[in-house]
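Peer 1: Quick one: sequence plus predicted model below, questions after.
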Amino acid sequence: MKILVVAATQQEIAPFVRLHNNIEVLICGVGIPSTVYHLTKKLLNENYDLVIQTGIAGKFSKKIKKGEVVAVEQDAFADIGAEENGEFKTIFQLGFGDENKFPFKKGWLVNTSEVLQTSHLKKVKAVTINRIRERKKQTMQLKEIFNADIESMEGAAFHFVCLQQTIPFLQIRSISNKVGERDKTKWKIKEAIENLNLELKNLVELLNG
């Protein structure tokens, strides 16, 4: 199986690369624009059986622990829209797009790949944002509107490109912190990266038999 592993930063994927230098890795950079550009460029020039996105993320849900690795079942662009009278509305709520026009389903980018269903990892809902914020009101708005479990800065962009290119994909994330928690002494980045790379190693070895 020809697999492409995608990450925003070298740091997040370094332990895996040291052990599996035969697996192709694409470092896209942080954020939506960089992910869309570099991943689209790659997939237009080469064919893969599966693309796996890895990275750390923040959590909304109390049911998910710091350091836990999860698989994203659906993701959404969560801060593309407008704020009026203190209330945020998505582009779909504003009437600027059809929430059910491909590749969207009710505004979500849903992974229906078989590899997701065969994964033992907890399946979660994610949102993708352009700006990390510390205001509790904004965090609560996101939680209420999307009822998501985790948050990243690239996930929805990854889903969007893979769905458009009709290629099987899987997004796995390891939790480093609570969303809105800016005191980094409470973050578990090292543990999150270690667990992420272990799960990625096991997944790739399983897929390659």
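Peer 2: Happy to help now that I have it. Numbering: from 1, shown residues only.
Peer 1: The worst-scoring helix or strand of the chain on mean pLDDT: how far from the chain's middle?
Peer 2: Lowest mean confidence among the helices and strands of the chain (mean pLDDT, DSSP states H and E): helix 136-146, at a mean of 76. Chain-centre distance of helix 136-146: 18 Å, with Cα atoms, centre = their mean, to the nearest Å.
Peer 1: mind listing what the residue most central in space within the chain touches?
Peer 2: The centroid of the chain falls nearest to Gly155 when counting by Cα atoms, centre = their mean (2.8 Å). Neighbour list for Gly155: Gln53, Gly55, Ala57, Val72, Asp75, Ala126, Val127, Thr128, Gln171, Arg173 [criterion: Cβ atoms under 8 Å, 6 or more residues apart in numbering]. In this view, the C-beta of every residue, glycine as well, is placed from N, C-alpha and C.
Peer 1: Let's have these in JSON lines, adding neighbour count.
Peer 2: Putting the contacts of Gly155 into JSON lines (neighbours: other Cβ atoms under 10 Å) gives the following:
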{"residue": "Gln53", "neighbour count": "28"}
{"residue": "Gly55", "neighbour count": "26"}
{"residue": "Ala57", "neighbour count": "29"}
{"residue": "Val72", "neighbour count": "30"}
{"residue": "Asp75", "neighbour count": "29"}
{"residue": "Ala126", "neighbour count": "28"}
{"residue": "Val127", "neighbour count": "26"}
{"residue": "Thr128", "neighbour count": "28"}
{"residue": "Gln171", "neighbour count": "29"}
{"residue": "Arg173", "neighbour count": "30"}
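Peer 1: Looking at those residues, which are in strands?
Peer 2: Among those, DSSP state E puts Gln53, Gly55, Ala57, Val72, Asp75, Ala126, Val127, Thr128, Gln171, Arg173 in strands.
Peer 1: Would you map the helices across the protein?
Peer 2: In the chain, the helices defined using DSSP state H lie at 10-19, 32-45, 114-118, 136-146, 155-164, 189-207.
Peer 1: Least confident of those, on average?
Peer 2: Least confident of the helices of the chain, judged by mean pLDDT, is helix 136-146 with a mean of 76.
Peer 1: now for it, which elements pack on it?
Peer 2: strand 87-90, strand 122-128 (3 or more Cβ pairs under 8 Å, 6 or more residues apart in numbering; DSSP states H and E).
Peer 1: which parts of the first one are buried?
Peer 2: Judged by neighbour count using 16 or more other Cβ atoms under 10 Å, the buried positions of strand 87-90 are Phe88, Thr90.
Peer 1: quick revisit: of the helices of the chain, which is nearest Phe104?
Peer 2: Comparison of those against Phe104 by Cβ to Cβ identifies helix 155-164 as nearest, at 8.9 Å.
Peer 1: what sits against the residue of the chain most remote from its centre?
Peer 2: What lies farthest from the middle of the chain is Asn85; by Cα atoms, centre = their mean that is 29.9 Å. Counting by Cβ under 8 Å, 6+ apart, Asn85 makes contact with nothing.
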